[in-house]
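In: Below is the sequence, then the predicted model.
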Amino acid sequence: MHKAIVTIIQISVYWPFLLLFKSLLNYKVSGTDNLKGCGDSFIIAVNHVSYLDPISVSIALPFRLRYFPLYYMASDYFYKILFFYRFVGAVRAHEGKDLELSGRPLINLLDQRERVVIFPEGTINRGVKTRPHRGISYIAAKSSKLIVPLKIESNLDGSISVVGGKIFDLLTGKHRIKMIYGAPFRIEETIGKTPESLSELREASEGVFKRIENAT
């Protein structure tokens, strides 16, 4: 029942949000050909720019029924205070817990041939470079799924407001969002082997983030 609710909601809002983003945010998507050959189940690894990113990612996928529903790792804070989050595809991150506890819900979804979105930085980048978390590598290693890097190029500022910028700027078309898919890869390609130790997981996560940054 939960999956059906998430699917219905995501399908229902796809076109309205796409039209809104194209109208107000100069929203563009490139590199969708990289999704060919990924099958129905994969991990989308994305840099984090603003609070609008989950929506930006969901409408960056071509409208195909096989891509619904899409699940996201969400911060504990927003998962707790925004009750509707669990009905739009959010999965609680269990921040500060061990990798197995925080990663298992997404690993289980991938085992069920679902699609998940992970922001390796774990938080919005507000101009201070942060090291990507180990979670992306752990989940990818345990699930053996392809990782699709997705770079968000945008002038939105997540520190201004929850909509990622002043309302006036949104209405006057000063903002832009470009979504760029990179070539899919497996986690072992980042360090030459499947990461196991904490240091290897960290190194592999940094490799994932480099592929996001290099997406063209």
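Out: Okay, I see it. This one's a predicted model, so the numbers in the text were calculated from it and none came from an experiment.
In: pull the CA atoms of stretch 174-181 into CSV?
Out: Output of stretch 174-181 as CSV, limited to C-alpha atoms (Å, rounded to 0.1, in the frame of the first residue of the first chain):
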residue,chain,number,x,y,z
LYS,A,174,17.0,34.9,-12.3
HIS,A,175,17.5,31.4,-11.2
ARG,A,176,18.6,28.4,-13.2
ILE,A,177,18.9,24.7,-12.7
LYS,A,178,20.7,22.3,-15.1
MET,A,179,20.8,18.6,-14.4
ILE,A,180,23.6,16.6,-16.1
TYR,A,181,23.7,12.8,-16.1
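In: how distant is it from the center of its chain?
Out: Per Cα atoms, centre = their mean, to the nearest Å, the displacement of stretch 174-181 from the mean C-alpha position of its chain is 15 Å.
In: again with stretch 68-76
Out: On Cα atoms, centre = their mean, the centre of stretch 68-76 falls 8 Å from the chain's centre.
In: any idea which residue sits dead centre in this protein?
Out: Val117 (3.4 Å; Cα atoms, centre = their mean).
In: Name the helix or strand of the chain that has the lowest mean pLDDT.
Out: The weakest-scoring helix or strand in the chain, judged by mean pLDDT, DSSP states H and E, is helix 167-171 (a mean of 60).
In: Partner strands of the helix or strand that that helix is followed by, with direction?
Out: Tracing the chain past helix 167-171, the next element assigned as helix or strand by DSSP states H and E is strand 177-181. In the sheet, strand 177-181 lines up against strand 27-30 (parallel), strand 147-154 (antiparallel) (DSSP bridges).
In: could I get the first one in CSV with only the CA atoms?
Out: What it means is strand 27-30. As requested, the backbone C-alpha atoms of strand 27-30 are provided in CSV (Å, rounded to 0.1, in the frame of the first residue of the first chain):
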residue,chain,number,x,y,z
TYR,A,27,15.2,24.0,-15.8
LYS,A,28,17.2,21.9,-18.3
VAL,A,29,18.3,18.2,-18.4
SER,A,30,21.1,16.6,-20.4
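In: Identify the residues contacting that strand?
Out: 18, 21, 56, 59-60, 176-181 (Cβ atoms under 8 Å, 6 or more residues apart in numbering). Glycine gets a C-beta too; all of them are placed from N, C-alpha and C.
In: swap the cut-off to 7 Å and go again
Out: For strand 27-30, the surrounding residues in contact (Cβ atoms under 7 Å, 6 or more residues apart in numbering) are 21, 60, 177-180.
In: Also the longest one?
Out: Surrounding strand 147-154, the residues in contact under the criterion Cβ under 7 Å, 6+ apart are 34-35, 38, 42-47, 49-50, 53, 56-57, 60, 140, 176-182, 184-187, 208, 211-213, 215.
In: where do the helices sit along this structure?
Out: Secondary structure of the chain by DSSP state H: the helices cover 2-25, 53-58, 76-81, 99-111, 135-143, 167-171, 188-191, 198-213.
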